[in-house]
Each structure stands twice: as structure tokens, then as C-alpha cells.
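# Build me a model:
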Amino acid sequence: AVGSPTLSTSHYHTSPNSIDFPAGNSYYKATLAASTTTLYSRQYVYVTSVGSTSNAFLRLYQGNAELMSFFLSQSSGNPSYYNQATAATTTISSTPLSTGTIHLVEIYTKISATAGQVICKIDGTTVYTSASNLNTGTGSVDTVWFGQIGNTAPVGWGDTFMDDVDFSAVGWI
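Numbering: from 1, shown residues only. Reported below is the predicted structural model:
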């Protein structure tokens with residue numbers, strides 16, 4: 001994994017034992033072993049606050065072209081995703097991700113021109129299943145960015161801590 005996270009010891013959380021992504025463009029970039037149209041991701045997320053700018057915690061790329069991004073909405077704290085192919089934002093859960101609590105977030109993403117799908121589990125419960133005809137673009141995923149990811153480093157981002165990040169072409173669905 002490569003990227004530009006803040007790695008000073010002051011930006012680790014000891015309980016839970018995890019790395020802090022305190023602002024925009026503080027992230028890791030993981031290159032997958034092979035491009036895939038099906039990606040399962042699992043990560044523990046601990047949010048101390050939701051900033052005045054949405055907290056992005058996962059982005060899927062093909063090369064430098066972003067396909068999808070998952071984030072906590074600045075207005076509500078609700079987990080949501082943005083589909084680049086349709087330029088549409090969809091709420092994953094109408095319940096905000098509670099702060100100060102460790103959450104296991106599992107996301108299944110199928111990239112397809114005609115039959116893609118997104119399924120999300122939070123703390124073991126399926127909270128969102130998209131329509132099976134969702135268009136998530138025509139590419140495949142070859143890199144994953146995770147952390148606080150933004151095009152700029154705006155003020156007002158909440159702190160996001162992450163641990164045990166795992167990406168695979170096979171998973172829990």
C-alpha cells in the first residue's frame with residue numbers, strides 16, 4: 001500500500017489500535033493483484049466526528065479513473081456512495097454511522113455496464129442492496145484508495161480511523 005497518510009505516532013489511535021486519517025488526501029492506495037469486476041472490501045471504521053466536508057473512506061479506481069466512492073455525508077453522517085458513471089449519490093443507510101464506536105463495514109461492488117450491484121453490511125447486518133441493473137461503469141477495479149480521500153485537503157474534515165482493511169475478489173455474499 002502506498003499513499004500519503006499521516007504516520008506520526010500522534011495520529012494513531014491506541015484503543016482501537018488503528019491509523020488516523022485526519023484530513024483530505026490522507027490515504028493509502030492499494031494495488032490489487034489483478035483487475036477485477038467484483039470486489040469485496042472489509043474494514044473497521046472508527047469516526048470521531050463527521051466534518052463540514054464529507055468523510056470519504058473508500059474509493060475504487062481503474063488506473064487513475066475513479067469508478068465509485070463511499071463516504072459519510074457531511075449533512076447527516078449517513079454512509080453513502082457516489083457512482084461516477086451516473087453522477088449520482090445514493091444513501092446506503094438512513095441511520096448515521098455513530099461516532100466513537102468501532103464499525104465493521106463490508107461492501108460488495110460489482111462493476112458492470114448493465115448489471116452492476118452494490119451491497120453493504122454494517123456490523124454484520126445488510127443495510128443496503130442496490131437494484132441488480134445498477135450501472136456502475138464499464139471498467140474493472142485495479143486500485144483501491146482508503147482513508148480520508150479528497151481532491152483537496154479542505155478544513156472541517158472529521159477524523160476517521162481504520163484498521164484490518166481487506167480487499168478480495170471473493171467474499172461474504
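# Would you agree A65 is in contact with T138?
No - counting by CB atoms under 8 Å, A65 stays clear of T138, with 10.5 Å between them. No exception for glycine: its C-beta is placed from N, CA and C like everyone else's.
# Those two: who's more crowded?
T138 (14 against 11; other CB atoms under 10 Å).
# The residue nearest to that one when sequence neighbours are not counted - how many residues pack around it?
What sits nearest to T138 in space, not counting adjacent residues and going by CB to CB, 6 or more residues apart in numbering, is A113, at 4.4 Å. Using other CB under 10 Å, A113 has 11 neighbouring residues.
# which SS state does A113 fall under?
State at A113, reduced to three classes by DSSP: H, G, I helix; E, B strand; the rest coil: coil.
# show me what contacts it?
Taking CB atoms under 8 Å, 6 or more residues apart in numbering, we find A113 in contact with 135, 137-138.
# Going by residue numbers, what spans are strands in this structure?
With DSSP state E as the criterion, the chain has strands at 2-3, 12-14, 17-21, 26-36, 38-47, 55-62, 65-72, 79-83, 88-91, 102-110, 117-122, 125-129, 141-148, 160-168.
# In CSV: the ones you listed, plus mean pLDDT.
Putting the strands of the chain into CSV (pLDDT from 0 to 100) gives the following:
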stretch, mean pLDDT
strand 2-3, 39
strand 12-14, 55
strand 17-21, 71
strand 26-36, 83
strand 38-47, 87
strand 55-62, 84
strand 65-72, 87
strand 79-83, 91
strand 88-91, 92
strand 102-110, 91
strand 117-122, 93
strand 125-129, 94
strand 141-148, 84
strand 160-168, 80
